[in-house]
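> What shape does this take:
(chains A and B)
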Amino acid sequence: MRLIGPATADRTGPRNGNSRLNWRASIIACVIAALGAAYARRRTAADGPVQAAVSVSRTGAVRGGGSDQAHGKRIFGDTNAGTVRSGNWHGNDTTWRMCHDLNRILMYADAEGRVHDQPVRRFFSVVDGIVAGEGNGPLDPTPKRVASCSRAAIQWRWMRFVRGSWVRCRPVAGRAAGVWPVGVARSWDLRADDVVVRSNQVQYAARANSIATGGPAFQPHFGWKGYVEIERRRWRRRVLGYRHEAANSVMVVRAVATRAALMALYAMCIVAYYAAVPGVGCLDVRGATMFANRDRDVLATFYTKNWCISHLTPLARAANVSRVIAIVDGPTQPINGVTYVAPPRWMVRVLGRAISKFLWGMATAVRTRRIL
Amino acid sequence: MGYHFVPAAVSALLIARFTGAKAAYQVTGGPVE
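Numbers count the residues shown, from 1 in each chain, chains lettered A, B, ... in the order given. Next comes the predicted model:
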(Lines give C-alpha, C1' and ligand atoms only; values in the text may rest on other atoms or scores of the structure.)
Protein backbone atom coordinates (compact mmCIF):
# COMPACT_ATOMS: atom_id res chain seq x y z
CA MET A 1 0.00 0.00 0.00
CA ARG A 2 1.36 3.36 -0.93
CA LEU A 3 0.08 6.64 0.34
CA ILE A 4 0.47 9.65 -1.85
CA GLY A 5 -0.93 13.08 -1.38
CA PRO A 6 -0.03 16.68 -0.97
CA ALA A 7 1.00 18.17 2.31
CA THR A 8 -1.97 19.23 4.35
CA ALA A 9 -0.39 21.67 6.74
CA ASP A 10 -1.56 24.64 4.72
CA ARG A 11 -5.03 23.29 4.11
CA THR A 12 -6.22 22.30 7.51
CA GLY A 13 -7.96 25.51 8.32
CA PRO A 14 -11.71 26.01 8.33
CA ARG A 15 -13.53 25.95 5.04
CA ASN A 16 -14.21 29.46 3.85
CA GLY A 17 -16.67 28.56 1.12
CA ASN A 18 -14.70 30.37 -1.60
CA SER A 19 -13.78 27.42 -3.77
CA ARG A 20 -11.37 28.43 -6.49
CA LEU A 21 -11.42 26.51 -9.72
CA ASN A 22 -8.09 25.95 -11.42
CA TRP A 23 -9.05 26.17 -15.05
CA ARG A 24 -5.78 24.86 -16.34
CA ALA A 25 -6.06 21.62 -14.40
CA SER A 26 -9.70 21.24 -15.32
CA ILE A 27 -9.04 21.77 -19.02
CA ILE A 28 -6.26 19.20 -18.99
CA ALA A 29 -8.49 16.68 -17.28
CA CYS A 30 -11.31 17.30 -19.75
CA VAL A 31 -8.99 16.98 -22.75
CA ILE A 32 -7.60 13.70 -21.47
CA ALA A 33 -11.09 12.40 -20.79
CA ALA A 34 -12.33 13.41 -24.24
CA LEU A 35 -9.31 11.94 -26.02
CA GLY A 36 -9.58 8.70 -24.09
CA ALA A 37 -13.29 8.35 -24.77
CA ALA A 38 -12.93 9.19 -28.46
CA TYR A 39 -10.06 6.76 -28.87
CA ALA A 40 -11.92 4.00 -27.08
CA ARG A 41 -15.05 4.52 -29.19
CA ARG A 42 -13.05 4.55 -32.39
CA ARG A 43 -11.22 1.35 -31.48
CA THR A 44 -14.49 -0.33 -30.56
CA ALA A 45 -16.13 0.68 -33.82
CA ALA A 46 -13.12 -0.34 -35.88
CA ASP A 47 -12.87 -3.77 -34.30
CA GLY A 48 -16.39 -4.82 -35.14
CA PRO A 49 -19.93 -4.82 -33.81
CA VAL A 50 -20.64 -3.96 -30.23
CA GLN A 51 -20.41 -6.91 -27.92
CA ALA A 52 -23.41 -8.44 -26.26
CA ALA A 53 -24.62 -6.81 -23.08
CA VAL A 54 -23.50 -9.64 -20.85
CA SER A 55 -20.98 -12.32 -21.61
CA VAL A 56 -20.94 -15.65 -19.86
CA SER A 57 -17.75 -17.46 -19.08
CA ARG A 58 -17.08 -21.10 -19.79
CA THR A 59 -18.13 -22.01 -16.29
CA GLY A 60 -21.31 -19.98 -16.44
CA ALA A 61 -20.12 -17.09 -14.32
CA VAL A 62 -21.35 -13.73 -15.53
CA ARG A 63 -18.48 -11.54 -16.51
CA GLY A 64 -20.72 -8.57 -16.99
CA GLY A 65 -19.94 -5.50 -18.93
CA GLY A 66 -20.88 -5.57 -22.57
CA SER A 67 -19.91 -2.65 -24.71
CA ASP A 68 -19.19 -0.44 -21.73
CA GLN A 69 -16.49 -2.80 -20.51
CA ALA A 70 -15.15 -3.56 -23.98
CA HIS A 71 -13.18 -0.34 -24.26
CA GLY A 72 -10.50 -1.22 -21.76
CA LYS A 73 -10.21 -4.77 -23.05
CA ARG A 74 -9.81 -3.68 -26.64
CA ILE A 75 -7.20 -1.07 -25.91
CA PHE A 76 -5.21 -2.61 -23.08
CA GLY A 77 -6.04 -6.30 -23.48
CA ASP A 78 -8.39 -8.62 -21.61
CA THR A 79 -7.18 -9.34 -18.12
CA ASN A 80 -9.09 -12.63 -18.26
CA ALA A 81 -7.65 -13.81 -21.55
CA GLY A 82 -3.92 -13.41 -21.58
CA THR A 83 -3.11 -9.86 -20.49
CA VAL A 84 -1.75 -9.45 -16.99
CA ARG A 85 -2.77 -6.04 -15.72
CA SER A 86 -4.37 -6.94 -12.40
CA GLY A 87 -3.53 -9.25 -9.54
CA ASN A 88 -3.61 -12.50 -11.48
CA TRP A 89 0.10 -13.10 -11.92
CA HIS A 90 2.90 -14.90 -10.18
CA GLY A 91 4.42 -11.79 -8.60
CA ASN A 92 1.29 -10.78 -6.69
CA ASP A 93 2.13 -11.23 -3.04
CA THR A 94 -1.22 -10.30 -1.53
CA THR A 95 -3.43 -13.32 -2.06
CA TRP A 96 -0.97 -16.04 -1.16
CA ARG A 97 -0.09 -14.24 2.07
CA MET A 98 -3.76 -14.18 2.98
CA CYS A 99 -4.08 -17.89 2.22
CA HIS A 100 -0.94 -18.62 4.16
CA ASP A 101 -2.21 -16.71 7.19
CA LEU A 102 -5.50 -18.60 7.03
CA ASN A 103 -3.57 -21.87 7.07
CA ARG A 104 -1.55 -20.68 10.02
CA ILE A 105 -4.75 -19.86 11.84
CA LEU A 106 -6.09 -23.29 10.99
CA MET A 107 -3.06 -25.00 12.45
CA TYR A 108 -1.85 -22.76 15.28
CA ALA A 109 -4.85 -20.82 16.60
CA ASP A 110 -7.10 -22.25 19.28
CA ALA A 111 -10.80 -21.70 19.71
CA GLU A 112 -10.14 -18.55 21.74
CA GLY A 113 -8.09 -16.99 18.98
CA ARG A 114 -4.73 -17.40 20.66
CA VAL A 115 -1.84 -18.35 18.38
CA HIS A 116 0.45 -21.03 19.77
CA ASP A 117 4.00 -21.98 18.92
CA GLN A 118 3.04 -25.54 18.11
CA PRO A 119 0.12 -26.85 16.05
CA VAL A 120 -3.02 -27.17 18.15
CA ARG A 121 -4.83 -29.59 15.88
CA ARG A 122 -4.32 -32.15 13.17
CA PHE A 123 -6.23 -32.12 9.96
CA PHE A 124 -6.81 -34.51 7.12
CA SER A 125 -7.15 -33.19 3.57
CA VAL A 126 -9.45 -34.85 1.09
CA VAL A 127 -9.12 -34.05 -2.61
CA ASP A 128 -12.36 -34.61 -4.49
CA GLY A 129 -10.85 -34.83 -7.92
CA ILE A 130 -13.67 -35.52 -10.35
CA VAL A 131 -13.59 -32.34 -12.39
CA ALA A 132 -10.57 -30.11 -12.00
CA GLY A 133 -9.84 -26.76 -13.58
CA GLU A 134 -6.97 -25.41 -15.58
CA GLY A 135 -6.08 -22.12 -17.20
CA ASN A 136 -7.76 -18.98 -15.91
CA GLY A 137 -8.70 -20.21 -12.47
CA PRO A 138 -10.23 -19.76 -10.02
CA LEU A 139 -12.52 -17.17 -11.62
CA ASP A 140 -12.85 -18.74 -15.04
CA PRO A 141 -11.10 -22.09 -15.26
CA THR A 142 -11.49 -24.54 -18.08
CA PRO A 143 -13.07 -27.70 -16.67
CA LYS A 144 -10.93 -30.77 -17.04
CA ARG A 145 -12.12 -34.24 -16.23
CA VAL A 146 -9.70 -36.25 -14.19
CA ALA A 147 -11.98 -38.99 -12.96
CA SER A 148 -11.11 -41.16 -15.90
CA CYS A 149 -7.60 -41.50 -14.56
CA SER A 150 -6.79 -43.81 -11.75
CA ARG A 151 -6.78 -42.28 -8.30
CA ALA A 152 -3.19 -43.22 -7.79
CA ALA A 153 -2.21 -41.60 -11.05
CA ILE A 154 -4.03 -38.42 -10.08
CA GLN A 155 -2.27 -38.32 -6.76
CA TRP A 156 1.11 -38.90 -8.29
CA ARG A 157 0.60 -36.44 -11.13
CA TRP A 158 -0.63 -33.80 -8.74
CA MET A 159 2.41 -34.31 -6.56
CA ARG A 160 4.73 -34.07 -9.51
CA PHE A 161 3.13 -30.82 -10.55
CA VAL A 162 3.33 -29.45 -7.05
CA ARG A 163 6.94 -30.39 -6.68
CA GLY A 164 7.79 -28.82 -9.98
CA SER A 165 5.95 -25.61 -9.35
CA TRP A 166 6.52 -24.86 -5.70
CA VAL A 167 10.22 -24.38 -6.15
CA ARG A 168 9.45 -21.16 -8.03
CA CYS A 169 6.13 -20.40 -6.41
CA ARG A 170 6.16 -17.55 -3.93
CA PRO A 171 3.27 -18.84 -1.84
CA VAL A 172 5.46 -21.70 -0.76
CA ALA A 173 9.00 -20.61 -1.35
CA GLY A 174 8.47 -17.37 0.54
CA ARG A 175 6.79 -18.69 3.65
CA ALA A 176 7.33 -22.41 3.73
CA ALA A 177 9.50 -22.21 6.80
CA GLY A 178 10.05 -19.61 9.49
CA VAL A 179 7.51 -18.79 12.17
CA TRP A 180 4.43 -21.01 12.21
CA PRO A 181 5.37 -23.17 9.21
CA VAL A 182 2.36 -24.77 7.60
CA GLY A 183 4.11 -28.00 6.82
CA VAL A 184 4.68 -27.28 3.17
CA ALA A 185 8.42 -27.52 3.55
CA ARG A 186 8.10 -31.15 4.47
CA SER A 187 6.06 -32.01 1.40
CA TRP A 188 8.42 -29.91 -0.66
CA ASP A 189 11.20 -32.28 0.32
CA LEU A 190 9.00 -35.25 -0.21
CA ARG A 191 10.36 -37.91 -2.52
CA ALA A 192 8.33 -40.23 -4.65
CA ASP A 193 9.69 -43.17 -2.71
CA ASP A 194 8.16 -41.74 0.47
CA VAL A 195 4.62 -42.05 -0.85
CA VAL A 196 2.92 -45.38 -0.57
CA VAL A 197 -0.44 -45.81 -2.27
CA ARG A 198 -3.02 -47.94 -0.46
CA SER A 199 -5.64 -49.30 -2.79
CA ASN A 200 -8.01 -52.23 -3.01
CA GLN A 201 -6.81 -52.66 -6.56
CA VAL A 202 -3.57 -54.54 -6.61
CA GLN A 203 -2.05 -52.71 -9.55
CA TYR A 204 -2.19 -49.40 -7.65
CA ALA A 205 -1.01 -50.62 -4.26
CA ALA A 206 2.62 -49.67 -4.60
CA ARG A 207 5.04 -46.86 -4.15
CA ALA A 208 4.04 -43.77 -6.10
CA ASN A 209 7.03 -43.66 -8.40
CA SER A 210 6.38 -47.20 -9.56
CA ILE A 211 2.91 -46.36 -10.83
CA ALA A 212 2.63 -45.39 -14.45
CA THR A 213 1.23 -41.93 -15.10
CA GLY A 214 -1.14 -41.35 -17.93
CA GLY A 215 -3.29 -38.50 -16.80
CA PRO A 216 -3.88 -35.26 -18.63
CA ALA A 217 -1.38 -32.41 -18.54
CA PHE A 218 -2.75 -29.25 -16.91
CA GLN A 219 -2.33 -25.79 -18.30
CA PRO A 220 -1.18 -23.28 -15.69
CA HIS A 221 -2.84 -19.88 -15.45
CA PHE A 222 -1.44 -17.49 -18.04
CA GLY A 223 -0.06 -15.26 -15.31
CA TRP A 224 2.04 -18.13 -14.03
CA LYS A 225 2.89 -19.72 -17.35
CA GLY A 226 6.59 -19.86 -17.97
CA TYR A 227 7.30 -19.59 -14.23
CA VAL A 228 5.74 -22.54 -12.46
CA GLU A 229 6.56 -25.31 -14.85
CA ILE A 230 9.69 -27.34 -14.60
CA GLU A 231 10.78 -26.48 -18.08
CA ARG A 232 12.77 -23.41 -18.96
CA ARG A 233 11.22 -19.96 -19.27
CA ARG A 234 10.99 -18.32 -22.59
CA TRP A 235 10.52 -14.64 -23.26
CA ARG A 236 7.69 -15.27 -25.71
CA ARG A 237 5.69 -16.87 -22.91
CA ARG A 238 6.30 -13.90 -20.69
CA VAL A 239 5.05 -11.55 -23.38
CA LEU A 240 2.26 -13.60 -24.86
CA GLY A 241 1.24 -15.64 -21.85
CA TYR A 242 -1.68 -17.99 -22.23
CA ARG A 243 -1.79 -17.99 -26.03
CA HIS A 244 1.87 -18.57 -26.65
CA GLU A 245 1.27 -21.88 -28.41
CA ALA A 246 -0.37 -20.08 -31.31
CA ALA A 247 2.03 -17.18 -31.24
CA ASN A 248 2.67 -15.34 -34.46
CA SER A 249 3.89 -11.95 -35.53
CA VAL A 250 0.42 -10.42 -35.31
CA MET A 251 0.10 -11.45 -31.68
CA VAL A 252 3.53 -10.08 -30.88
CA VAL A 253 2.60 -6.75 -32.44
CA ARG A 254 -0.70 -6.72 -30.56
CA ALA A 255 1.00 -7.52 -27.25
CA VAL A 256 3.51 -4.74 -27.77
CA ALA A 257 0.75 -2.35 -28.84
CA THR A 258 -1.31 -2.96 -25.71
CA ARG A 259 1.70 -2.21 -23.56
CA ALA A 260 2.43 0.91 -25.57
CA ALA A 261 -1.14 2.03 -24.96
CA LEU A 262 -0.67 1.53 -21.24
CA MET A 263 2.57 3.48 -21.32
CA ALA A 264 0.84 6.29 -23.16
CA LEU A 265 -1.91 6.34 -20.56
CA TYR A 266 0.62 6.47 -17.75
CA ALA A 267 2.43 9.31 -19.48
CA MET A 268 -0.78 11.29 -19.81
CA CYS A 269 -1.61 10.70 -16.16
CA ILE A 270 1.84 11.82 -15.05
CA VAL A 271 1.54 14.98 -17.13
CA ALA A 272 -1.90 15.67 -15.71
CA TYR A 273 -0.74 14.97 -12.18
CA TYR A 274 2.17 17.39 -12.32
CA ALA A 275 0.38 19.95 -14.42
CA ALA A 276 -2.12 20.18 -11.62
CA VAL A 277 0.53 21.20 -9.08
CA PRO A 278 -0.74 24.77 -8.97
CA GLY A 279 -4.18 23.29 -8.59
CA VAL A 280 -3.50 21.47 -5.36
CA GLY A 281 -6.43 22.51 -3.33
CA CYS A 282 -7.93 24.08 -6.42
CA LEU A 283 -11.33 22.97 -5.26
CA ASP A 284 -10.28 23.98 -1.79
CA VAL A 285 -11.27 20.93 0.19
CA ARG A 286 -10.22 22.37 3.48
CA GLY A 287 -10.02 20.22 6.52
CA ALA A 288 -9.01 17.20 4.45
CA THR A 289 -6.44 15.72 6.76
CA MET A 290 -5.57 12.07 6.42
CA PHE A 291 -7.08 10.72 9.58
CA ALA A 292 -9.18 13.54 11.01
CA ASN A 293 -11.99 12.68 8.62
CA ARG A 294 -13.32 9.23 9.40
CA ASP A 295 -15.10 8.71 6.07
CA ARG A 296 -13.46 7.15 3.04
CA ASP A 297 -14.25 7.06 -0.66
CA VAL A 298 -13.32 3.96 -2.62
CA LEU A 299 -13.03 3.60 -6.40
CA ALA A 300 -13.11 0.02 -7.56
CA THR A 301 -14.62 -2.55 -9.87
CA PHE A 302 -15.96 -5.75 -8.37
CA TYR A 303 -16.72 -8.73 -10.53
CA THR A 304 -18.39 -10.81 -7.81
CA LYS A 305 -20.22 -10.11 -4.57
CA ASN A 306 -17.56 -11.94 -2.59
CA TRP A 307 -14.97 -9.69 -4.17
CA CYS A 308 -16.95 -6.71 -2.96
CA ILE A 309 -17.37 -8.14 0.54
CA SER A 310 -13.71 -9.08 0.95
CA HIS A 311 -12.49 -5.60 -0.02
CA LEU A 312 -14.98 -3.34 1.70
CA THR A 313 -15.93 -5.16 4.90
CA PRO A 314 -12.50 -4.87 6.58
CA LEU A 315 -12.30 -1.23 5.57
CA ALA A 316 -15.75 -0.46 6.95
CA ARG A 317 -14.90 -2.21 10.21
CA ALA A 318 -11.58 -0.39 10.69
CA ALA A 319 -11.38 1.60 13.89
CA ASN A 320 -10.58 4.89 12.18
CA VAL A 321 -13.27 4.59 9.52
CA SER A 322 -16.86 5.48 10.22
CA ARG A 323 -18.33 5.29 6.74
CA VAL A 324 -17.26 4.20 3.27
CA ILE A 325 -18.64 5.58 0.04
CA ALA A 326 -17.83 3.17 -2.79
CA ILE A 327 -17.87 4.46 -6.35
CA VAL A 328 -18.04 1.09 -8.03
CA ASP A 329 -19.55 -0.93 -10.82
CA GLY A 330 -20.34 -4.60 -10.87
CA PRO A 331 -22.12 -6.70 -8.25
CA THR A 332 -22.41 -5.17 -4.80
CA GLN A 333 -23.42 -6.52 -1.44
CA PRO A 334 -25.11 -4.49 1.32
CA ILE A 335 -22.58 -3.92 4.10
CA ASN A 336 -23.02 -1.90 7.26
CA GLY A 337 -21.27 1.42 6.93
CA VAL A 338 -20.88 1.20 3.16
CA THR A 339 -22.82 3.37 0.73
CA TYR A 340 -22.64 2.55 -2.97
CA VAL A 341 -22.57 5.25 -5.60
CA ALA A 342 -22.64 4.59 -9.32
CA PRO A 343 -22.35 7.06 -12.21
CA PRO A 344 -25.52 7.41 -14.31
CA ARG A 345 -26.03 4.99 -17.13
CA TRP A 346 -25.96 7.65 -19.83
CA MET A 347 -22.57 8.86 -18.67
CA VAL A 348 -21.15 5.35 -18.74
CA ARG A 349 -22.42 4.82 -22.27
CA VAL A 350 -21.03 8.11 -23.50
CA LEU A 351 -17.70 8.29 -21.67
CA GLY A 352 -17.02 4.72 -20.66
CA ARG A 353 -16.70 3.19 -17.21
CA ALA A 354 -13.32 4.52 -16.17
CA ILE A 355 -13.91 8.15 -17.08
CA SER A 356 -17.43 8.06 -15.63
CA LYS A 357 -16.17 6.77 -12.32
CA PHE A 358 -13.40 9.33 -12.38
CA LEU A 359 -15.82 12.21 -12.89
CA TRP A 360 -18.33 10.79 -10.41
CA GLY A 361 -15.58 10.26 -7.88
CA MET A 362 -14.49 13.85 -8.37
CA ALA A 363 -18.03 15.08 -7.81
CA THR A 364 -18.42 12.89 -4.74
CA ALA A 365 -15.15 14.08 -3.26
CA VAL A 366 -16.02 17.71 -3.78
CA ARG A 367 -19.56 17.28 -2.50
CA THR A 368 -18.70 15.31 0.59
CA ARG A 369 -15.23 16.72 1.30
CA ARG A 370 -14.17 13.19 2.01
CA ILE A 371 -10.74 11.59 2.07
CA LEU A 372 -10.31 9.49 -1.03
CA MET B 1 -8.71 4.72 -2.29
CA GLY B 2 -8.29 2.74 -5.49
CA TYR B 3 -7.68 -0.90 -6.25
CA HIS B 4 -5.47 -1.66 -9.27
CA PHE B 5 -3.56 1.06 -11.00
CA VAL B 6 -5.68 1.37 -14.12
CA PRO B 7 -8.14 2.90 -13.88
CA ALA B 8 -9.11 3.08 -10.21
CA ALA B 9 -5.78 4.13 -8.71
CA VAL B 10 -5.11 6.61 -11.50
CA SER B 11 -8.53 8.14 -10.93
CA ALA B 12 -8.00 8.26 -7.18
CA LEU B 13 -4.63 9.98 -7.56
CA LEU B 14 -5.93 12.56 -10.00
CA ILE B 15 -9.07 13.25 -8.00
CA ALA B 16 -6.99 13.67 -4.87
CA ARG B 17 -4.66 15.97 -6.77
CA PHE B 18 -7.47 18.11 -8.06
CA THR B 19 -9.40 18.25 -4.81
CA GLY B 20 -6.48 18.45 -2.41
CA ALA B 21 -7.46 15.25 -0.63
CA LYS B 22 -5.34 12.24 0.21
CA ALA B 23 -5.22 9.10 -1.90
CA ALA B 24 -4.25 5.53 -1.21
CA TYR B 25 -4.08 2.75 -3.72
CA GLN B 26 -3.25 -0.89 -3.86
CA VAL B 27 -1.27 -2.13 -6.84
CA THR B 28 -1.14 -5.84 -7.50
CA GLY B 29 -0.84 -5.62 -11.26
CA GLY B 30 1.51 -7.51 -13.43
CA PRO B 31 4.90 -6.61 -14.90
CA VAL B 32 3.30 -4.09 -17.27
CA GLU B 33 1.89 -2.04 -14.42
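
> those strands in chain B, which residues are they?
Secondary structure of chain B by DSSP state E: the strands cover B:2-3, B:23-26.

> Least confident of those, on average?
If the strands of chain B are sorted by mean pLDDT, strand B:2-3 sits at the bottom with a mean of 64.

> What's the end-to-end length of stretch A:333-345?
Start and end residues of stretch A:333-345 are separated by 20 Å (C-alpha to C-alpha, to the nearest Å).

> Please list the outside residues in contact with it.
By C-beta atoms under 8 Å, 6 or more residues apart in numbering or on different chains, the residues outside stretch A:333-345 that reach it are A:305, A:308-309, A:312-313, A:316-317, A:321-329, A:332, A:356-357, A:359-360, A:364. From N, CA and C alone the C-beta is placed, and that goes for glycine too.

> from the residues you listed, which are also near chain B?
Contacts with chain B within the contacts of stretch A:333-345, as defined by C-beta under 8 Å from any C-beta of the partner chain: A:Lys357.

> quick one: which of the contacts of stretch A:333-345 sit in strands?
Taking DSSP E as the definition of strands, the contacts of stretch A:333-345 contribute A:Arg323, A:Val324, A:Ile325, A:Ala326, A:Ile327, A:Val328, A:Asp329.

> Which one of those residues sits in the busiest neighbourhood?
Among the ones in strands among the contacts of stretch A:333-345, A:Ile327 has the most neighbours (other C-beta atoms under 10 Å in any protein chain shown), with 29 neighbours.

> In CSV: the ones in strands among the contacts of stretch A:333-345, plus pLDDT.
Formatted as CSV, the ones in strands among the contacts of stretch A:333-345 follow (pLDDT from 0 to 100):
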residue, pLDDT
A:Arg323, 82
A:Val324, 86
A:Ile325, 86
A:Ala326, 87
A:Ile327, 85
A:Val328, 82
A:Asp329, 77
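
> among those, which two are most distant?
Within the ones in strands among the contacts of stretch A:333-345, A:Arg323 and A:Asp329 form the most distant pair, 20.1 Å apart (C-beta to C-beta).

> Need phi/psi at A:Met263.
Reported as degrees, to the nearest 10, the phi and psi values for A:Met263 are phi -60, psi -40.

> How much space separates it from chain B?
As defined by C-beta to the nearest C-beta, to the nearest Å, A:Met263 lies at a distance of 9 Å from chain B.

> Quick check, pLDDT for that residue.
Confidence at A:Met263, expressed as pLDDT, is 79.

> pull the helix or strand with minimum mean pLDDT from chain A.
Comparing helices and strands within chain A by mean pLDDT, DSSP states H and E singles out strand A:2-4 as the least confident, with a mean of 34.

> re earlier: ok, of the ones in strands among the contacts of stretch A:333-345, which one's closest to A:Asp140?
Relative to A:Asp140, the closest of the ones in strands among the contacts of stretch A:333-345 is A:Asp329; by C-beta to C-beta it sits at 18.6 Å.

> show me what contacts the closest one?
So A:Asp329 contacts A:Thr301, A:Phe302, A:Ala342, A:Val348, A:Arg353, A:Lys357 (C-beta under 8 Å, 6+ apart).

> So which of these wins on neighbours?
A:Lys357 (29 neighbours).

> That one against B:Val10, yeah?
No. The criterion here is C-beta atoms under 8 Å, and A:Lys357 misses it with B:Val10 at 10.6 Å.

> hmm, the one helix or strand A:Thr95 maps to touching chain B?
According to DSSP states H and E, A:Thr95 maps onto helix A:94-108. Yes. Using C-beta under 8 Å from any C-beta, helix A:94-108 reaches chain B at A:Thr94.

> what's the following helix or strand after that helix?
Going down the chain from helix A:94-108, the next helix or strand is strand A:131-136, by DSSP H and E.

> Thank you kindly, that will do.
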